[in-house]
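*Asks:* Fold the following, please.
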Amino acid sequence: MMELSTDAILGKVVNLSRRLDLGQGARLLDIGSGTGALISLMQVAHPGLATAACDYTDTLMTLPDQKVEVTDLNEMALPYEAEHFDLVTCTEVIEHLENYRHLVREVFRVTRPGGTAIFSTPNVLNLNSRIRFFLFGFWNLFGPLPIGRDESYSTVGHITPVSYFYLAHALAEAGFTVAGFEVDKLQRSAVPKLMLWWPFIGLFGWLARRREARKYQTINAGNRVLVETMNSWKMLLGRTIVVVAVREGKACGPLE
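*Replies:* As a prediction, the model looks like this:
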């Protein structure tokens, strides 16, 4: 269900968590905990943090005192009571799931009012990925899948590309307020391409948005900001998106 996250992704999640009011005894749930790398970093950043871990297996965990609850994230409820955690993290997991919206709803259930959820997933909308899809039909980090194999630690395990819009939509539909997104790093190789393509992206993106709003009426006040974000420079250059959502509008500091 999960892929070992890179240091840049984990570092971004930890930096975003520092904007939250996580005092002594605050509760963290890390979904797709793997070896416990993120939990270890969070314990350093937030002394006194009470941590819980959940994954499809408990054999990967290397932290000696960290219990891992094993569950099927596609179908089963998270094995925790409602409104229990101050922060829920889910890094590089949803792209491995058949039913990521079920997990998003479960995350909302176990997040306390005033709590925060942080998700990350490969950014399929960066410019390099868009060009690959145009030429090959597959997003970056999402290639042709073999039949009859079960691999969890390579891009073969990436079965569900989720763009920022659809992740943000799932979070909002579950009841969260989406605070925005960050990226783990900018792709330098995409900068020259962006300089070349930006006039066309800006013009045809604007025309497409206007057509959607006027003819099909798919863009309204509720989703307009999300749609306009799709062609932002951060989206076009970022490798991985890290999305912050809050329950009942708790402020976590500006993401921009």
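*Asks:* which stretch of helix or strand covers residue 65?
*Replies:* Using DSSP states H and E, residue 65 sits in no helix or strand.
*Asks:* For it, grab the count of nearby residues.
*Replies:* Around residue 65 there are 7 other residues, counting by other CB atoms under 10 Å. All C-beta atoms are positioned from the backbone trio N, CA, C, and that covers glycine.
*Asks:* Distance of it relative to residue 31?
*Replies:* Separation of residue 65 from residue 31 (CB to CB, to the nearest Å) stands at 19 Å.
*Asks:* now the strands for the stretch 51-200 of the chain?
*Replies:* Ranges of strands within the stretch 51-200 of the chain are 68-70, 85-91, 111-122, 176-183, based on DSSP state E, counting those that start in this stretch.
*Asks:* Compare those and give me the one nearest residue 233.
*Replies:* strand 176-183 (10.4 Å; CB to CB).
*Asks:* Compute the inter-axis angle for that closest one and strand 111-122.
*Replies:* 30 degrees (axes from the mean of the first three to the mean of the last three CA atoms, to 10 degrees).
*Asks:* ok, and what's touching strand 176-183?
*Replies:* For strand 176-183, the external contacting residues (CB atoms under 8 Å, 6 or more residues apart in numbering) are 12, 16, 108, 117, 123, 164, 168, 171-172, 226, 229, 234, 237-249, 252, 254-256.
*Asks:* So how do I select the buried members of the residues you listed in ChimeraX?
*Replies:* Those of the contacts of strand 176-183 that count as buried under 16 or more other CB atoms under 10 Å are selected in ChimeraX with:
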select :12,16,108,117,123,164,168,171,172,226,229,234,237,238,239,240,241,242,243,244,245,246,247,252
